[in-house]
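Undergrad: only geometry, no sequence info:
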């Protein structure tokens, strides 16, 4: 990409899109295009077509998506499937129609089977049943990967896909009804500390293992892949290390400075038992994460809660 290339960041207000936007601006890219959801409904085929035809876009980072944690994924199953399919179908197809030079589609580690061998390699895709609680979202993301590869095969489009692990960072969602586990725990512990609550309830048993990546590391990886990867097939992007939900809760409790008790509600779902990415593909290309989990959480907590 040239510094003056016209680059569209879809989903620029979300955690991932805003991190990509910050990275591009830091690196000196000056011709950046973005629209809010009120300005452009990405589910609307005619609106997306008109936008692409008017803008003459060179490169696309497709970070727009309907996202959420276990509760949201399991409750709004139709919306997660419909909205994500429509968003990605419209952007990928119009990128092809208007001659976009390269597109990066962002998915999720939930594309892999619930009981996939660990760590999860890219070739584990479609080898088993998905985790039921987020199956609609996962199916949409799998369709996006396959769509990029199909447009590469049929139309010779340079469309690539990256599958991040669990993310956290600036602009995360802290709504306890539909947030992911790390921001939910940060909010729970912070509010418990502020209110001198004697205990905090945490979902599940604490036994599942999860991998976490700071979104700024992902943004670095996205730019790296846009500049260095031009092949079919998706690429895992993770930190390469995992932590149990119990240990994560203890870590966040320590960072926040909360001194009460943890109450584990084992009637709530744990989700997938283990989700660790095999990152050897992107590591061999020359990318490595730079932000440790403690450092990342401390920074996020200071920015979101401790300084407010």
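TA: Cool, the structure landed. This one's a predicted model, so the numbers in the text were calculated from it and none came from an experiment.
Undergrad: Starting from residue 135, give me the distance back to residue 19.
TA: According to CB to CB, to the nearest Å, residue 19 and residue 135 sit 27 Å apart. Any C-beta I mention is one placed from the backbone N, CA and C, and that applies to glycine too.
Undergrad: Outside of the one helix or strand residue 135 maps to itself, list whatever touches it.
TA: Per DSSP states H and E, residue 135 falls inside helix 135-155. Here helix 135-155 makes contact (CB atoms under 8 Å, 6 or more residues apart in numbering) with 62, 66-67, 73, 77-78, 80-81, 84-85, 88-89, 92-93, 96, 103, 105, 107-108, 110-111, 125-126, 130-131, 157-161, 163, 232-234.
Undergrad: Of the residues you listed, just the buried ones, ChimeraX syntax please.
TA: The buried subset of these, as determined by 16 or more other CB atoms under 10 Å, is captured in ChimeraX by this line:
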select :62,66,67,73,77,80,81,84,85,88,89,92,93,96,103,105,107,108,110,111,125,130,131,157,158,159,160,161,163,234
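Undergrad: which residues touch residue 63?
TA: 9, 10, 11, 12, 14, 16, 17, 20, 106.
Undergrad: same deal with residue 169?
TA: Applying CB under 8 Å, 6+ apart, one finds that residue 169 lies in contact with 15, 19, 214, 215, 216, 296, 300.
Undergrad: want to throw these into a markdown table with pLDDT?
TA: Below are the contacts of residue 169 laid out as a markdown table (pLDDT from 0 to 100):
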| residue | pLDDT |
| --- | --- |
| 15 | 94 |
| 19 | 98 |
| 214 | 98 |
| 215 | 98 |
| 216 | 98 |
| 296 | 97 |
| 300 | 96 |
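Undergrad: among those, which ones are buried?
TA: For the contacts of residue 169, a burial check counting by 16+ other CB under 10 Å picks out 15, 19, 214, 215, 216, 296, 300.
Undergrad: after the helix or strand of the chain with the lowest mean pLDDT comes which helix or strand?
TA: One helix or strand of the chain scores below all others by mean pLDDT, DSSP states H and E: helix 70-75, with a mean of 76. Using DSSP H and E, the helix or strand that follows helix 70-75 in sequence is helix 77-97.
Undergrad: now the angle from that following helix to helix 135-155?
TA: 20 degrees (axes from the mean of the first three to the mean of the last three CA atoms, to 10 degrees).
Undergrad: and helix 77-97, how far out from the chain's middle?
TA: Relative to the centre of its chain, helix 77-97 is centred 16 Å away, using CA atoms, centre = their mean, to the nearest Å.
Undergrad: Which elements pack onto that helix?
TA: In this structure, helix 77-97 makes packing contacts with helix 45-55, strand 59-62, strand 102-106, helix 135-155, strand 159-164, judged by 3 or more CB pairs under 8 Å, 6 or more residues apart in numbering; DSSP states H and E.
Undergrad: Could you list every helix and strand in contact with the third one?
TA: Same thing as strand 102-106. The elements that strand 102-106 packs onto, with contact taken as 3+ CB pairs under 8 Å, 6+ apart, are strand 59-62, helix 77-97, helix 135-155, strand 159-164, helix 215-228.
Undergrad: got the contact list for it?
TA: Here strand 102-106 makes contact (CB under 8 Å, 6+ apart) with 1, 16, 58-63, 65, 88, 91-92, 95, 144-145, 147-148, 157-164, 222, 225-226, 230.
Undergrad: Give the pairing partners of it; include direction for each.
TA: Using DSSP bridges, the strands paired with strand 102-106 are strand 59-62 (parallel), strand 159-164 (parallel).
Undergrad: could those strands be laid out in a markdown table, adding mean pLDDT and distance to residue 254?
TA: Output for these, formatted as a markdown table (pLDDT from 0 to 100; distance: least, CB to CB, whole Å):
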| stretch | mean pLDDT | distance to residue 254 |
| --- | --- | --- |
| strand 59-62 | 98 | 35 |
| strand 159-164 | 98 | 26 |
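Undergrad: can I get those strands in TSV with distance to residue 46?
TA: Formatted as TSV, the strands paired with strand 102-106 follow (distance: least, CB to CB, whole Å):
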stretch	distance to residue 46
strand 59-62	19
strand 159-164	22
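Undergrad: So for residue 24, which of those strands sits nearest?
TA: Taking CB to CB, strand 59-62 is the member of the strands paired with strand 102-106 nearest to residue 24, at 8.2 Å.
Undergrad: Tell me where the model's unsure across the stretch 151-300 of the chain.
TA: For the stretch 151-300 of the chain, the stretches with pLDDT under 70 are 178.
Undergrad: Done for today, thanks.
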